[in-house]
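Colleague: Just the structure for this:
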Amino acid sequence: MQWQALDYALHTISETGSCLIDTNSSLKEFLNRHATPVRKVLKQVGIECPKDLRAENFIELYERESGQPAPLKQDGPFDRAADLNARQAVGHRGGHKRLTISSSYVGKRHRSDQAGRKSENESHQHN
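Modeller: So this is what the prediction gives:
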């Protein structure tokens, strides 16, 4: 489904720019012609909002980059260095400069995850 949406976007984009909205159309016309039909298709497959596709893409990116489940999928110990690198990748892909924005897509690490920090510190002390 994501590839179909991307393919649709690439074929909709004007040849003269990088905006999905035709320079001869208003935003309202664009939404009526393109966005509304796409939303209907997305809802048929259980996707409530087009932004959910963006969030899922960032979750997949985080998990590829970190090698661990996204925070919204797990609690407990985690690799902090991998977490930071993955959050930076998500922020960069999303065009955000603040690292904290990544949390809105992949979830926050909670203080209850301190066991991850403790086990990391112990492993460094034994090396």
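
Colleague: Asp83 is in contact with Arg109, isn't it?
Modeller: Yes - if you go by CB atoms under 8 Å, Asp83 and Arg109 touch, sitting 6.5 Å apart. (Each C-beta comes from the backbone N, C-alpha and C, glycine too.)

Colleague: which of those two has more neighbours?
Modeller: Per other CB atoms under 10 Å, whichever of Asp83 and Arg109 has more neighbours is Asp83, with 21 against 18.

Colleague: which ones are touching the spatially closest residue to that one that is not a sequence neighbour?
Modeller: Take Asp83 and drop its neighbours on the chain: the residue closest to it by CB to CB, 6 or more residues apart in numbering is Ser66, 5.8 Å away. By CB atoms under 8 Å, 6 or more residues apart in numbering, the contact list for Ser66 reads 79, 82-83, 85-86.

Colleague: Same question for Ala55.
Modeller: Tyr105.

Colleague: which element is it on?
Modeller: helix 50-66 (DSSP states H and E).

Colleague: Tell me which helix or strand comes right after that helix.
Modeller: That would be, after helix 50-66 and using DSSP H and E, helix 80-94.

Colleague: Identify all contacting residues around that following helix.
Modeller: Applying CB under 8 Å, 6+ apart, the contact partners of helix 80-94 are 54, 57-58, 61-63, 65-68, 71, 97-99, 101-103, 105-106, 109, 116-117, 120.

Colleague: rerun that using 6 Å as the cut-off
Modeller: Helix 80-94 has contacts (CB atoms under 6 Å, 6 or more residues apart in numbering) with 58, 61-62, 65-67, 99, 101-102, 105.
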